[in-house]
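Peer 1: Need a 3D model of the following:
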Amino acid sequence: MLILADILAGLPGLPRPPIAGLGAVHHVGVKVPDLDALAPRLAPLGLRCVAVADHPEVGLRVAFVEGGAAPLELLAVIGGDCPLRGDEDGLHHVAYRAHGLRDLVARLQGDSRFAFIGAVRVGGHGRAIATFRLRGGPAFAYELVDCGGEPEGNDHR
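Peer 2: Reported below is the predicted structural model:
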């Protein structure tokens, strides 16, 4: 399993998606095999879990972790029909703050560089999200998080 510190150290080199007007990184999503086993190993890395919630509708247990280069969203599969079941453990997605998400997604869906995964939906942060991959790009996904009119530094939860 990838070590969280390695993922955090690699953040500055991750390619930003070619979308004008994106905000700062909102969070980084990391798929882990067992959230319960990983939780006690966070403190020595200077990280703390601020919330854990099960989302049976998508077969995931999600934990929000703070204290690193960017807030982390740890994703553990708990259901057989989870769409992440076949994805490898490790970096899953990088989420960026976006404004006017539905309009932005409507515009980007006509661009052949973007392969959207599902529709706009409510994510673990209680905000509208859209997930996509870049065709011919890196293996991980990107997520857009609708932050409305919030300033860049507001709470990530």
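Peer 1: Only C-alpha atoms from now on, for both contacts and neighbour counts.
Peer 2: OK.
Peer 1: Would you mind pulling the contact partners of stretch 128-144?
Peer 2: The contact list for stretch 128-144, computed with C-alpha atoms under 8 Å, 6 or more residues apart in numbering, reads 17, 91-98, 101, 105, 112-123, 145-146.
Peer 1: list the buried ones in that stretch?
Peer 2: Across stretch 128-144, burial judged by 16 or more other C-alpha atoms under 10 Å covers 128-134, 140-144.
Peer 1: try stretch 41-56
Peer 2: Within stretch 41-56, the residues scored as buried using 16+ other C-alpha under 10 Å are 42, 47-49, 52, 54.
Peer 1: gap between the two ends of that stretch?
Peer 2: 25 Å (C-alpha to C-alpha, to the nearest Å).
Peer 1: tell me the contacts of residue 70?
Peer 2: Neighbour list for residue 70: 8, 25-28 [criterion: C-alpha under 8 Å, 6+ apart].
Peer 1: Taking the residues you listed together, which two end up most distant?
Peer 2: Using C-alpha to C-alpha, the pair of those lying farthest apart is 8 and 26, separated by 13.6 Å.
Peer 1: Output stretch 83-102 as CSV, restricted to C-alpha atoms.
Peer 2: Extracted C-alpha coordinates of stretch 83-102, given in CSV (Å, rounded to 0.1, in the frame of the first residue of the first chain):
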residue,chain,number,x,y,z
PRO,A,83,-17.9,1.7,-8.4
LEU,A,84,-14.4,2.0,-6.9
ARG,A,85,-14.1,-1.7,-6.2
GLY,A,86,-11.9,-2.3,-9.3
ASP,A,87,-9.7,0.8,-8.8
GLU,A,88,-6.2,0.4,-7.3
ASP,A,89,-5.4,1.5,-3.8
GLY,A,90,-3.6,4.8,-3.6
LEU,A,91,-4.2,8.2,-5.2
HIS,A,92,-7.7,8.1,-6.5
HIS,A,93,-8.6,11.8,-7.3
VAL,A,94,-7.5,15.4,-6.8
ALA,A,95,-10.5,17.7,-6.2
TYR,A,96,-10.5,21.4,-7.1
ARG,A,97,-12.8,24.1,-6.0
ALA,A,98,-15.2,25.2,-8.7
HIS,A,99,-17.9,27.9,-9.0
GLY,A,100,-21.0,27.4,-11.1
LEU,A,101,-20.4,23.6,-11.3
ARG,A,102,-23.4,22.6,-13.3
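Peer 1: Need the three-state assignment for the residue nearest in space to the middle of the chain.
Peer 2: Centroid-nearest residue in the chain: residue 29, 3.5 Å away (criterion: C-alpha atoms, centre = their mean). Look at residue 29: counting by DSSP: H, G, I helix; E, B strand; the rest coil, its state is strand.
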